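In: show me the folded form of this:
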Amino acid sequence: MTSMLSSTPIECPQYLLDKASALTPAPTAIVNAGAQLPMESAKEAFEKNLIEPVLVGDIAVINAIAKTLGWDISALRVIAAHGEVAAAETSVALARSSEVSSLMKGNLHTDNLLRAVIHRDTGLRTGSRLSHVFHMTLPGSDNAICITDAAINVLPTVNVKLDIARNVTALMHALGNNAPKIALLSATEVATASVPSSMDAEAIMKEAQNGAVPGAIVDGPFAFDIAVSPAAAKIKGIESPVAGCADVLLVPNIEAGNVLFKQMVYFMSAAAAGIVMGAKVPIVLTSRADPVAARLASAALASIVANAR
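Out: Prediction:
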C-alpha cells in the first residue's frame, strides 16, 4: 500500500519569522533546560532573534550541553533549579515578577509545568481558562488556520469553549487580524440533541451575539467542509461571514483537534506552531516529535504575543 504520509519538508512560515524578528526578543524562561532538545530549540530561536533565553535548571548540565552545541551562553542568564517541580516553580516566579514574558517547556512533564502555572497563589492565572492553539501553515504559504483546543481541554463545556474562543481571539489580534472568523465545528449545521457539540455551538452563538467574544465573528455549528470550503457552503445554501473562510476551527473536543492537526502535519507537511493562551504570559509546549520548523514557529508566535501585551 502506498503511504499517504507527506515527504515534503515542513517549513516555518516566513511571515512569522519576519514579524517576530522585527520585535524585541521576548525574555523567555526555558523550563528545565538541561536536555538536548530544549537547548537546541532555545539556541535556534535565539539565533533567529526571536527570544532572549533564560535557562532554568541544572547549571552543570546546561553548560555541558551548550558546549556540545557550540553555543556560548556566557552572556545569558542561567538560574539553578533542581528537578522538574523546582524548575517549573522558578520559571513561573520569573514570569510573575515580569522578568520573563514567555515560557518554553523544556525537559519536564507538561503536568508539572501547568500545575505551577495554575497554582492559585503563586501561579499565572488571569481569570481565563488555559487553552492551547495550533497555528497551522503549509509549505510555501503564509496562509494560516488555527485549531483550538487540541492539547489541554479534553471535553470542554460551553463556558470553557467561550474562554477558548476569547483566548484565540487575543492571539489573532496579536497577529494583526482584528476580526477573526471562528467556526464552531460539529458534524452538522443544525443544532440537534443527538449531536451534543451542535447544541454547544448554538449556545455559544447566542452568547457571542450578546458580546461574550468581543473582537471576533463566531458562527456555527458547522461541519468541517462548511467551515473551510466556499463551494461546499454554497452548495448547501449556508450564508455566513464565517462559512468557507474560517480563520479558526474551534473543535468540539481534544480528540477531534488532535486528529485534525496531526492529519495536517503528517499528510500535508503543515507546520504546527503550538502555544498556550490564557495565562499571564504565553507558553510554548514543544514535543520531542516536533521538527525544527515547528519549534521555531512556536517560539516566533510566543514572541509576537508577548510583545503585543
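In: list the buried residues for the strand or helix carrying residue 90?
Out: Using DSSP states H and E, residue 90 falls within helix 84-96. Residues 84-95 are the ones in helix 84-96 that count as buried (16 or more other C-beta atoms under 10 Å). The C-beta positions use only the backbone N, C-alpha and C, and glycine is treated the same way.
In: cool, and stretch 217-234?
Out: 217-229, 232-233.
In: and for stretch 232-247?
Out: Buried residues in stretch 232-247 (16+ other C-beta under 10 Å): 232-233, 238, 240, 242-244, 246-247.
In: how long is it end to end?
Out: Taking C-alpha to C-alpha, to the nearest Å, stretch 232-247 runs 17 Å from one end to the other.
In: again, but for stretch 226-233
Out: Using C-alpha to C-alpha, the two ends of stretch 226-233 sit 5 Å apart.
In: so which residues make contact with it?
Out: By C-beta atoms under 8 Å, 6 or more residues apart in numbering, the list of residues contacting stretch 226-233 from outside reads 145, 183, 185, 189, 220, 225, 236, 238-240, 242-246, 249.
In: which residues does the closest residue in space to residue 109 that isn't next to it in sequence contact?
Out: Nearest residue to residue 109 in three dimensions, chain neighbours excluded: residue 84, at 6.4 Å (C-beta to C-beta, 6 or more residues apart in numbering). For residue 84, the contacting residues are 32, 107-109, 112, taking C-beta under 8 Å, 6+ apart as the criterion.
In: gap between residue 84 and residue 106?
Out: 9 Å (C-beta to C-beta, to the nearest Å).
In: who touches both of those two?
Out: By C-beta under 8 Å, 6+ apart, residue 84 and residue 106 have these common neighbours: residue 32.
In: tell me the buried residues in stretch 16-23?
Out: Quick answer for stretch 16-23 (16+ other C-beta under 10 Å): 16-17, 19-20.
In: reformat those residues as TSV; add secondary structure and pLDDT.
Out: Formatted as TSV, the buried residues of stretch 16-23 follow (DSSP: H, G, I helix; E, B strand; the rest coil; pLDDT from 0 to 100):
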residue	secondary structure	pLDDT
16	helix	94
17	helix	95
19	helix	96
20	helix	96
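In: farthest-separated two in these?
Out: 17 and 19 (7.4 Å; C-beta to C-beta).
In: hey, what's in contact with both of these two?
Out: Counting by C-beta under 8 Å, 6+ apart, the residues touching both residue 17 and residue 19 are residue 300.
In: picking up where we left off before, got CSV for the buried residues of stretch 16-23, with distance to residue 198 too?
Out: Shown next, in CSV, are the buried residues of stretch 16-23 (distance: C-beta to C-beta, whole Å):
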residue, distance to residue 198
16, 34
17, 39
19, 36
20, 38
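In: give me the residue at the spatial middle of this structure.
Out: Nearest residue to the geometric centre of the chain (C-alpha atoms, centre = their mean): residue 275, 2.3 Å.
In: strands - which of the contacts of stretch 226-233 land there?
Out: Among those, DSSP state E puts 145, 183, 185, 220, 249 in strands.
In: need the helices for this structure, in chain order.
Out: Remark: helices assigned in the chain by DSSP state H are 14-21, 36-47, 59-69, 84-96, 110-117, 158-174, 196-209, 224-228, 230-235, 254-268, 292-308.
In: roughly how far does residue 57 sit from residue 286?
Out: Residue 57 is 15 Å from residue 286, by C-beta to C-beta.
In: please say which of these two ends up with more neighbours.
Out: residue 57 (30 against 19; other C-beta atoms under 10 Å).
In: which ones are touching the residue lying closest to residue 92 once chain neighbours are set aside?
Out: In space, and not counting its chain neighbours, residue 92 is closest to residue 116: 4.5 Å by C-beta to C-beta, 6+ apart. Listed by C-beta under 8 Å, 6+ apart, the contact partners of residue 116 are 85, 88-89, 91-92, 122-123.
In: now tabulate these in a markdown table and tack on distance to residue 269 and pLDDT.
Out: A markdown table is the format used below for the contacts of residue 116 (distance: C-beta to C-beta, whole Å; pLDDT from 0 to 100):
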| residue | distance to residue 269 | pLDDT |
| --- | --- | --- |
| 85 | 37 | 97 |
| 88 | 33 | 98 |
| 89 | 38 | 98 |
| 91 | 32 | 98 |
| 92 | 35 | 98 |
| 122 | 41 | 96 |
| 123 | 36 | 96 |
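In: which one of those is nearest residue 299?
Out: residue 91 (15.4 Å).
In: quick check, that closest one in contact with residue 102.
Out: No. The pair residue 91 and residue 102 fails to qualify as a contact (C-beta atoms under 8 Å) at a distance of 10.2 Å.
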